[in-house]
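Novice: return a 3D structure for these sequence lines:
(chains A and B)
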Protein chains: 2
Amino acid sequence: MQTAINLDEKFSRFSERWSPKIIAQMNDYHFKLVKFEGEFVWHDHKDTDEVFIVIDGEMVIHFRSHDVRVRKGELFVIPKGVEHKTSAKAECRAMLVEAAGTVNTGDAGGEKTAHADVWI
Amino acid sequence: MQTAINLDEKFSRFSERWSPKIIAQMNDYHFKLVKFEGEFVWHDHKDTDEVFIVIDGEMVIHFRSHDVRVRKGELFVIPKGVEHKTSAKAECRAMLVEAAGTVNTGDAGGEKTAHADVWI
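Specialist: Next up, the predicted model:
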């Protein structure tokens, strides 16, 4: 029997940070959960907008010209091709929505680059 | 200055039921908020999967062969072309993600049919 996808239950299955896990697919888009704390790397996604929905905690999305604070119960759309980096002073839990196959660091690479296709 | 989109603040702007309001666009997809109580009509969406994320309350997604209960903090993907109807015993608040232009009743029509392009 089919059941709904419970976000808290999915979050309880992993502890790694900066490593988005896929929980659902809609057409050719993925819904992913991610935990993070600290600061990410500057990057962009050439081919897709990217949505952050904060489930717990708060984060900042840094752009070259300004910052946007996103708190629990808020979402923000990062337009394709726009350089950004994320940060959080304490652990933040967020849901991402973006085109399937999107790599978290775009073309920037580096140690925080995660596999784009890990389901949980 | 850009600010994040606060779901509670957006929900406070309308009271109509069964009338999804767009709050964000990601590529050619819309994020919509909807309030509803009671029972919807059987319909499907021929061209797009549809995601329900329950923000407050709980709902049931009825399929011809089974039901799926979706509670606060849970999501469910309704596959394209699969007949379904939604219901809620008390007011439920949900976020929808689906292709821009998707009509809430599919091709079924009827009094609950809402405009597909109302932003809030």
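
Novice: ranges for the helices of chain A?
Specialist: Listed in chain order, the helices of chain A (DSSP state H) span A:7-11.

Novice: near chain B, which residues of it?
Specialist: A:1-8, A:23-27, A:29, A:31, A:48-51, A:54, A:66, A:68-71, A:73-77, A:80, A:97-99 (CB under 8 Å from any CB of the partner chain). Any C-beta I mention is one placed from the backbone N, CA and C, and that applies to glycine too.

Novice: please name the residues that touch A:Lys46.
Specialist: Listed by CB atoms under 8 Å, 6 or more residues apart in numbering or on different chains, the contact partners of A:Lys46 are A:Lys80, A:Gly81, A:Gly106, A:Asp107.

Novice: lowest pLDDT pick from the residues you listed?
Specialist: Note: of the contacts of A:Lys46, the lowest pLDDT belongs to A:Asp107, at 87.

Novice: check the gap between that residue and chain B for me.
Specialist: 19 Å (CB to the nearest CB, to the nearest Å).

Novice: swap in A:Leu33?
Specialist: Distance from A:Leu33 to chain B, by CB to the nearest CB: 11 Å.

Novice: what about that residue, how many residues nearby?
Specialist: 23 (other CB atoms under 10 Å in any protein chain shown).

Novice: and it, how far is that from B:Phe76?
Specialist: The spacing between A:Leu33 and B:Phe76, counted by CB to CB, to the nearest Å, is 15 Å.

Novice: go on, A:Arg17?
Specialist: From A:Arg17 to B:Phe76 the distance is 27 Å (CB to CB).

Novice: of the two, which one has the most company?
Specialist: Legend: neighbour count by other CB under 10 Å for A:Arg17 and B:Phe76, higher for B:Phe76 (21 against 16).

Novice: bridge partners for the more buried one, pull those for me.
Specialist: Note on B:Phe76: beta-bridge partners by DSSP bridges are B:Phe52.

Novice: surely it is in contact with A:Leu7?
Specialist: No - using CB atoms under 8 Å, B:Phe76 is not in contact with A:Leu7, being 11.8 Å away.

Novice: any residues in contact with both of the two?
Specialist: Counting by CB under 8 Å, 6+ apart, nothing touches both B:Phe76 and A:Leu7.

Novice: show me where chain A has its strands.
Specialist: A:5-6, A:21-26, A:29-39, A:50-56, A:58-63, A:67-71, A:74-78, A:84-99 (DSSP state E).
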